[in-house]
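Q: Okay, here's the prediction I keep looking at, along with the sequence it came from:
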Amino acid sequence: MIIHRRRLLAGLAATPVLTALPAFAQDNATQADAALDATFAQHAPPAMISAVVGREGVVWSGVRGLRRTGQPDAATTGDLWHLGSNGKAMTAALYARLVGQGRARWDAPLSSLFPDLRLDPGYAEATIDDLLRHRAGIDDRQAVTREVLIAAHQDQRPIREQRTAFAADLLGKAPTGPRGAFAYSNAGYALAGAAIERITDQPWEDAIREHLFAPMGVTSVGFGAPLGDNPWGHRPMGEALVAVDPARGADNPPLLGPAGRMHMTLADYARFLRLYLNDGDGQLSPATTARLMTPPEGAPPPYAYGWGTSTPPWAQGQALAHEGSNTMWHAIAIVAPARGLAVVSIANDRVKGGPGNQAMARALTGIFAS
């Protein structure tokens, strides 16, 4: 997660989306609707959207609640939803596309990706792989301080210039931890984005649209908090949750885009998750997709490329999971490739929405993976 560091009227549900359900699964959909009703009533975030994704796409989805507290507009399944750090897997998949195009290497040392920068000797052996799996020796407590965030919000330079300056400053100092030891790092993904910009000669935002999302038909992606007639993020103020204007500090600065600053529709997020359910879904090779789901050997935790991994019995093999939040939104996704199943839940609030999303994800895996 990128975090630096009501009761609502019932009956605002939209009609659930049902596509590609096997004949027996109508009962599953009924149970999922009931679970969403109960979870939303118990946790009461402003709005919550949940879904089950199969190999062919969304097989069930439902939404409850309001786009903004104190306003009448109900959230819909077609709205834009902020994914937070669940976007890290997308940056990793973008790099995988570049490897598949012969333009990048998994073992590329940072010195070759940033040849014009003076790197501290402590980064002499570090690679892009280390950044994408949080093992480059970077501690966000020193790399992404409050002062760094404030300055980044105020920075008016072109975004590539900002990320290059960030890379020069960070890599010019000694690592704050040993290479190979896990340390979750938004800064590391910002560096990965800067490396991608040098490979593609375009801002990371343009590169991920062109090389990852366009080929898979993802058209709704945007960066920062969603604008227009969409849900707003919320933050606590006393006992209340207050909607935050997306045009006024409702997200982390663009510098951290590759670490988790994307929004899109639920249907488009499902298109991305299908990469892992379909051996790359024609966009990545099966071998590349397998790599994206494989954590490094050695010290725990078992974290791959934007995913924590485990082997719960219901998954019949490996499960991938990740949560994302910019403190005003919360998203969770769990993917079971062997089952051809993924579950998603997103809320426009972290305080109530976080526990609600976790509960809903457990409920959906219990219903659809039983």
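A: Thanks, I have it.
Q: The chain: strands as residue ranges?
A: 47-54, 57-65, 80-82, 222-223, 234-237, 240-243, 262-265, 308-310, 319-324, 330-336, 341-347 (DSSP state E).
Q: of those, which approaches residue 179 most closely?
A: Using C-beta to C-beta as the measure, strand 308-310 is the one of the strands of the chain that comes nearest residue 179, at 20.3 Å. C-beta coordinates here come from the backbone N, C-alpha and C atoms, glycine included.
Q: Give me the contacts around stretch 72-81.
A: Applying C-beta atoms under 8 Å, 6 or more residues apart in numbering, the contact partners of stretch 72-81 are 12, 14, 17, 47-49, 61-67, 220, 222, 226, 228-231, 263-267, 269, 329, 331, 346, 348.
Q: Just the buried ones from those, in PyMOL syntax?
A: Paste this into PyMOL to select the buried members of these, with burial taken from 16 or more other C-beta atoms under 10 Å:
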select buried, resi 12+14+17+47+48+49+61+62+63+64+65+66+67+220+222+226+230+231+263+264+265+266+267+269+329+331+346+348
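Q: how many degrees apart are the longest helix anywhere in the chain and strand 57-65 in direction?
A: Using DSSP state H to define each element, the chain has its longest helix at helix 26-43. If you take axes from the mean of the first three to the mean of the last three C-alpha atoms, to 10 degrees, helix 26-43 sits at 30 degrees to strand 57-65.
Q: Mind checking the pLDDT average for helix 26-43?
A: The average pLDDT for helix 26-43 rounds to 95.
Q: Only the buried residues of it, if you could.
A: Going by neighbour count (16+ other C-beta under 10 Å), the buried part of helix 26-43 is 28, 29, 31, 32, 33, 35, 36, 39, 40, 43.
Q: how much space between the nearest residue to residue 353 once chain neighbours are set aside and residue 31?
A: Counting by C-beta to C-beta, 6 or more residues apart in numbering, residue 353 lies nearest to residue 347, which is 2.5 Å off, once chain neighbours are set aside. For residue 347, the distance to residue 31 equals 20 Å [C-beta to C-beta, to the nearest Å].
Q: Disregarding residues adjacent in the polypeptide, which is nearest to residue 32?
A: Nearest to residue 32 is residue 60, by C-beta to C-beta, 6+ apart, at 5.2 Å.
Q: go on, residue 364?
A: Here the residue nearest residue 364, using C-beta to C-beta, 6+ apart, is residue 343, at 4.1 Å.
Q: how about the residue sitting nearest the centre point of the chain, what does it touch?
A: By C-alpha atoms, centre = their mean, the mean C-alpha position of the chain lies nearest to residue 86, the distance being 1.2 Å. By C-beta under 8 Å, 6+ apart, the contact list for residue 86 reads 260, 306, 322, 323, 324, 331, 332, 333.
Q: repeat that for 6 Å
A: Residues near residue 86 by C-beta atoms under 6 Å, 6 or more residues apart in numbering: 322, 324, 331, 333.
Q: Can you show me the helices along the stretch 151-300 of the chain?
A: Using DSSP state H, counting those that start in this stretch, the helices of the stretch 151-300 of the chain run over 159-171, 186-200, 204-208, 214-216, 257-260, 266-277, 286-292.
Q: Pick the most deeply packed of the ones you listed.
A: helix 257-260 (a mean of 28; mean count of other C-beta atoms under 10 Å).
Q: who touches that one?
A: For helix 257-260, contacts defined as C-beta under 6 Å, 6+ apart pick out 2, 84-85, 87-88, 91, 186, 189-190, 192-193, 204, 223, 324.
Q: Over to stretch 141-154?
A: For stretch 141-154, the external contacting residues (C-beta under 6 Å, 6+ apart) are 4, 170, 176, 186, 187, 253, 255.
Q: sorry, back to before: quick one, which of the strands of the chain is nearest to residue 130?
A: Nearest to residue 130, of all the strands of the chain, is strand 308-310, at 17.1 Å by C-beta to C-beta.
Q: next one: that closest one to chain centre, how far?
A: 15 Å (C-alpha atoms, centre = their mean, to the nearest Å).
Q: Which elements pack onto that strand?
A: strand 319-324 (3 or more C-beta pairs under 6 Å, 6 or more residues apart in numbering; DSSP states H and E).
Q: how much space is there between residue 113 and residue 102?
A: As judged by C-beta to C-beta, residue 113 and residue 102 stand 16 Å apart.
Q: Could you do residue 77 as well?
A: Distance from residue 77 to residue 102, by C-beta to C-beta: 39 Å.
Q: So which of those two has more stuff around it?
A: residue 77 (19 against 7; other C-beta atoms under 10 Å).
Q: unless I'm mixing things up, residue 51 is touching residue 58, no?
A: Yes. Assessed by C-beta atoms under 6 Å, residue 51 is found in contact with residue 58 at 5.5 Å.
Q: Buried residues, stretch 92-112. List them.
A: Using 16+ other C-beta under 10 Å as the burial criterion, the residues of stretch 92-112 that qualify are 92-100, 104, 108-110.
Q: Between the two ends of that stretch, how far is it?
A: End-to-end distance for stretch 92-112: 18 Å, by C-alpha to C-alpha, to the nearest Å.
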